[in-house]
Structures are given as C-alpha cells and as structure tokens.
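> What follows is a protein structure lacking sequence information:
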C-alpha cells in the first residue's frame, strides 16, 4: 500500500504540499499542509515595494522637469535615464541607497506572508508602509531638486541630503505600518489571522 501523504501530495500537486501527519481519530486524519499559492503571492509582496522604490525618485524628477522646468517630456525621460544609468556623474548609487526603506518594507511583508496573513491585512500594511515612506521621500526629493528647475538657488550640498532621506523614511515607515495595521482591524475588512500548527 502506498504512503497516504504521497497520494495526497500527488492529488494536490500545485496547490498544497502535505508536510506531515498531525493525528487521527474517529473517521478523520489531520495533516499539516503548506499553501503553495500563498508562497507564490509572497513574491508579489516582496517585489512590489522595491518596484515602487525604483520609480518614485524618477517620477518626482519627471514632474519637476516637465511642469516646473518646462522641459519637453521626451527630453525629460532621456535626461532621467541618463542620470540613473549613464556613465560618469550618475545617480544610480543614490537610487540604490534610496531603496533602503522599501527593502525594509519588502522584508516585513514577506515575513507576514510566511505567517499566512490574509491578503486584506497585507494590503493594509503595504499601503500604510508605502504611504509612510513616500510621505517623507517625495517631500525630500522635491525640496532637493526644486531649486534646479524652479526659480530657487540650488545648493551645492543638496545631493548629500539623498544619503539621509532613506534613513529618515524609516520612522515614517513604522508610523505607516501602524496606521495600516489599525485600518486592517476595522470591521469592514473582516480580517482574521489564519494560524496553523
């Protein structure tokens, strides 16, 4: 006779993986399962904040170049891509440093997926965390770059601020996560934590 765990794994392939038998009694046998679909969704929660972190600084620059500096959109895109990925005096290293709070949010969300929290609670945490980060990040980028495209006087040390902006976003990330957690507890979401043995 074949192993019942092997038969169940074959029948549930692609959706669940049976890890081990927990117990049996009466007419039922209880097994510990691993939800594979949840694991696949976990990568979305891990990569989404990083994608947002890569786009936000470029979008702030695009806004300033087009709407404040009166640069045509096509020239603004070429300028931003040249700064991010061009040789010599580029901003690629600063863009990587700017990913620090987004990477922290990615790790937190990935940990919550592994605890099998509901998508509604994860969404509230993700939105709260992103709003917390973006609140300070957008203001920081805007205040540093505005003098270059507006009527202000650019500071020669303004770029140094980019080294500190990501670290100053970490407390606002925490505040955003707390706000997202609070929102997820509202009855509208009907969120319950799915804990398994």
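Arrived safely, thanks for sending. Nothing here was measured: the structure is a model prediction, and the numbers come from that model. Residues are numbered from 1 along each chain as shown.
> hmm, who's touching the host helix or strand of residue 175?
Using DSSP states H and E, residue 175 maps to helix 161-184. Contacts to helix 161-184, defined as Cβ atoms under 8 Å, 6 or more residues apart in numbering, come from residues 91, 94, 97-101, 104-105, 108, 120-121, 124-133, 135-137, 140-141, 143-144, 189, 191. The way it works is simple: take the backbone N, C-alpha and C, and place the C-beta from them, glycine included.
> quick one, the one helix or strand residue 59 maps to and helix 161-184 angle?
For residue 59, the enclosing helix or strand under DSSP H and E is helix 36-63. Between helix 36-63 and helix 161-184, the angle comes out at 130 degrees (axes from the mean of the first three to the mean of the last three Cα atoms, to 10 degrees).
> now the lengthiest helix in the chain and helix 161-184, what's the angle there?
Secondary structure of the chain read by DSSP state H shows that its longest helix is helix 119-149. Per the same axes, to 10 degrees, the angle that helix 119-149 makes with helix 161-184 is 150 degrees.
> as a whole number, average confidence for helix 119-149?
For helix 119-149, the mean pLDDT works out to 86.
> Would you mind listing the buried residues in it?
121-126, 128-134, 136-137, 140-141, 144-146, 149 (16 or more other Cβ atoms under 10 Å).
> From the contact counts, what lies against it?
On a contact count with 3 or more Cβ pairs under 8 Å, 6 or more residues apart in numbering; DSSP states H and E, helix 119-149 meets helix 36-63, helix 100-114, helix 161-184.
> so how far is residue 184 from the residue nearest the centre of the chain?
Geometric centre of the chain, nearest residue: residue 49, 1.9 Å, by Cα atoms, centre = their mean. Per Cβ to Cβ, to the nearest Å, residue 49 is found 17 Å from residue 184.
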